[in-house]
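[1] model the following, please.
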Amino acid sequence: MSNPDVITLAVDCMGGDHGPRVTLAACRRFLAQHPQARLLLVGLPEALSGWQDPRGQVVPASEVVGMDDPIEIALRRKKDSSMRLAIEQVKQGTAQAAVSAGNTGALMAIARYVLKTMDGIDRPAIAGQMPNFKGGGTTMLDLGANVDCSPEHLLQFAVMGSALVSVLQGNENPTVGLLNVGEEVIKGNDTIKKAGELLRSAGLAGDLNFYGNVEGNDIFKGTVDIVVCDGFVGNVALKASEGLATMIGGFLTAEFSRSIFTKIAAFLAYPVLSAFKSRVDHRRYNGAALLGLRGLVFKSHGSADELAFETALNRAYDAANHQLLDRVQARIAHAAPLLAGVQVDKAAAAVPHE
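    Just a heads-up that it's a prediction; the model follows:
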């Protein structure tokens, strides 16, 4: 008989740039910190043969989704892949969440196909944290799942993001900002203006705490808890954030290798720059949630090292432990009248008038 206090995660051990070399090491670190946790390690048996911890059960898979595999191949032809079997553990109820560092497009497609979307949600979104200058993280969505978004999608993202932050950060009333080219209501394209109207209506209805429009620098200033945008913009911001710490590290290494004067300057600046590098280290914020599905799935960065992948496992564990899925469903249910009204308005607009 299963223990309801035990949280089980299904781990795609083959995903990412480094595969089992990183994922298994991260799993060992994770289990050492979570005595109540259990893991289902999904992958090629020969690649996982060295696993010893009894709290991690190997689930054999015969295929692996490559980082460059087309979505069609991953979804239709590799039905026994480690990625798909990990997600199926969630559907079957043997795991409370799945974690993978594999191909993002394939992960979203398989998760959506296997788990389906929640009622009231048109498209799942990828939500992750971006480091800010307050020492914490700004939750941002979408980070790449939906390049083209309607105003209604952005409203759904805001509602789901609010549930995520309330669970993982203990903030029951997080502020939501709509990413725009300026703070003024009149700025932005038609999609953003309409999204702003919907978000303001949701704020008045008590469905979320809408701050208003925010600009790109507000992400890193920590002006709001959540920033909503389409997946194209979100993914560009994510990659820029990940490159920041790398740039600082490269700067420090380069300056220490130059003349005595630059070495002295670098030595004096090192404590400040090192602390800043640690603060913006994307590994500390790894693990993006695929929101809007009938199950919990977390995406680790493909190049994640042991620390970063362990962070993704921690986030999945916290989400499952605090019933994120139920909280998202409750938020969506509360906002259902507004979301239904939006759908009715769209349908009415589609009817030609005589």
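[2] phi and psi next, for the residue positioned nearest the centre of the chain.
    In the chain, the centroid-proximal residue (C-alpha atoms, centre = their mean) is residue 288; its distance is 1.7 Å. When read as degrees, to the nearest 10, the backbone of residue 288 gives phi -100, psi 140.
[3] relative to residue 72, how far out is it?
    Going from residue 288 to residue 72 by C-beta to C-beta, to the nearest Å gives 23 Å. Any C-beta I mention is one placed from the backbone N, CA and C, and that applies to glycine too.
[4] where does residue 187 fall, helix, sheet strand or coil?
    coil (DSSP: H, G, I helix; E, B strand; the rest coil).
[5] make residue 1 into 11 and carry on from there
    All set: I'll call the first residue 11, so the last point we hit is now residue 197.
[6] you'd agree it is up against residue 223?
    Yes. Contact criterion C-beta atoms under 8 Å: residue 197 and residue 223 qualify, at 6.9 Å.
[7] circling back to that earlier point, quick one: contacts for the closest residue to the residue nearest to the centre of the chain other than its chain neighbours?
    Closest residue to residue 298 apart from its sequence neighbours, by C-beta to C-beta, 6 or more residues apart in numbering: residue 138 at 3.4 Å. Residues in contact with residue 138 (C-beta atoms under 8 Å, 6 or more residues apart in numbering) are 149, 150, 151, 153, 248, 295, 296, 297, 298, 299, 309.
[8] give me the subset of these that lies in helices.
    residue 248 (DSSP state H).
[9] tell me the bridge partners for residue 307.
    With DSSP bridges applied, residue 307 shows beta-bridge pairing to residue 108.
[10] what stretches of this structure score poorly on pLDDT?
    For the chain, residues meeting the criterion pLDDT under 70 lie at 11-14, 252-292, 350-364.
[11] what about the strands in the stretch 61-210 of the chain?
    Ranges of strands in the stretch 61-210 of the chain, per DSSP state E, counting those that start in this stretch, are 66-70, 107-110, 135-141, 147-151, 185-189.
[12] please identify the deepest-packed of those strands.
    Of all the strands of the stretch 61-210 of the chain, strand 107-110 has the most neighbours on average by mean count of other C-beta atoms under 10 Å, namely a mean of 30.
[13] returning to what we had before: overlap in contacts, residue 197 and residue 223.
    With C-beta under 8 Å, 6+ apart as the test, residue 197 and residue 223 both reach residue 190.
[14] those two: who's more crowded?
    Applying other C-beta atoms under 10 Å to residue 197 and residue 223 shows that residue 223 carries more neighbours, namely 23 against 14.
[15] if we ignore the residues flanking it in sequence, what's nearest that one?
    If the residues on either side of it in the chain are set aside, residue 223 comes closest to residue 190, at 4.1 Å by C-beta to C-beta, 6+ apart.
[16] who's in contact with the one you found?
    With the criterion set at C-beta under 8 Å, 6+ apart, residue 190 makes contact with 197, 198, 202, 206, 223, 224, 225.
[17] gap between it and residue 91?
    Distance, residue 190 to residue 91, by C-beta to C-beta: 39 Å.
[18] over to residue 302?
    With C-beta to C-beta as the criterion, residue 302 and residue 91 are 22 Å apart.
[19] repeat that for residue 237.
    33 Å.
[20] mind listing what residue 216 touches?
    When contacts are taken as C-beta under 8 Å, 6+ apart, residue 216 is in contact with residue 344.
[21] neighbours of residue 87, how many?
    Around residue 87 there are 11 other residues, counting by other C-beta under 10 Å.
[22] now, which of the contacts of residue 138 sits nearest residue 172?
    residue 149 (9.1 Å; C-beta to C-beta).
[23] skipping adjacent residues, who's closest to that closest one in space?
    Residue 149 sits nearest to residue 236 (C-beta to C-beta, 6+ apart), 4.8 Å away.
[24] for that neighbour, give me its contacts.
    148, 149, 150, 151, 168, 171, 172, 175, 184, 185, 186, 187.
[25] return the distance of it relative to residue 77.
    Counting by C-beta to C-beta, the separation of residue 236 from residue 77 is 29 Å.
[26] mind listing the helices for the chain?
    Under DSSP H, the chain gives helices at 30-43, 81-82, 92-102, 114-125, 161-178, 200-214, 226-231, 241-266, 270-289, 316-331, 334-344, 346-360.
[27] ok, which of the ones you listed comes nearest residue 59?
    helix 30-43 (9.7 Å).
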